[in-house]
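Visitor: Build me a model from this:
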Amino acid sequence: MVEDRQPKAGESPLKQLREKAGLTQEELSRRCGIPLRTYQRWESGESAARPNIPQVKALCRELKIAIEDLPDEFGPGRRSD
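Guide: Sure thing, here's the model as predicted:
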């Protein structure tokens with residue numbers, strides 16, 4: 001049975017996908033050809049993600065998701081209540 005945990009408010013959707021895949025930031029960044037610090041900035045929302053096409057393909061492959069399931073924003077969401 002796959003655990004489908006509820007996302008925490010303000011948590012990065014990329015982090016959620018990475019954890020669901022059982023990967024560390026270092027593992028995922030290495031497998032996708034993304035410098036670790038760049039990946040960390042994407043996940044933290046410190047900088048906007050601008051992956052190139054090979055990186056997008058690798059993210060989808062490593063996270064085992066379709067491109068449609070890749071979040072538009074990788075960093076934590078901002079609540080507007």
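Visitor: Not counting sequence-adjacent ones, nearest residue to Leu14?
Guide: Nearest residue to Leu14 in three dimensions, chain neighbours excluded: Phe74, at 4.0 Å (Cβ to Cβ, 6 or more residues apart in numbering). All C-beta spots, glycine's among them, are computed from the backbone N, C-alpha and C.
Visitor: residue contacts, the one you found?
Guide: Ser12, Pro13, Leu14, Trp42, Glu43, Gly45, Ala49 (Cβ atoms under 8 Å, 6 or more residues apart in numbering).
Visitor: What distance do you get for it to Ile67?
Guide: Look at Phe74 and Ile67: by Cβ to Cβ, to the nearest Å, they are 14 Å apart.
Visitor: Kindly report the same for Trp42.
Guide: 16 Å.
Visitor: Same drill for those two, tell me which one is more crowded.
Guide: Using other Cβ atoms under 10 Å as the criterion, Trp42 and Ile67 rank with Trp42 on top: 23 against 9.
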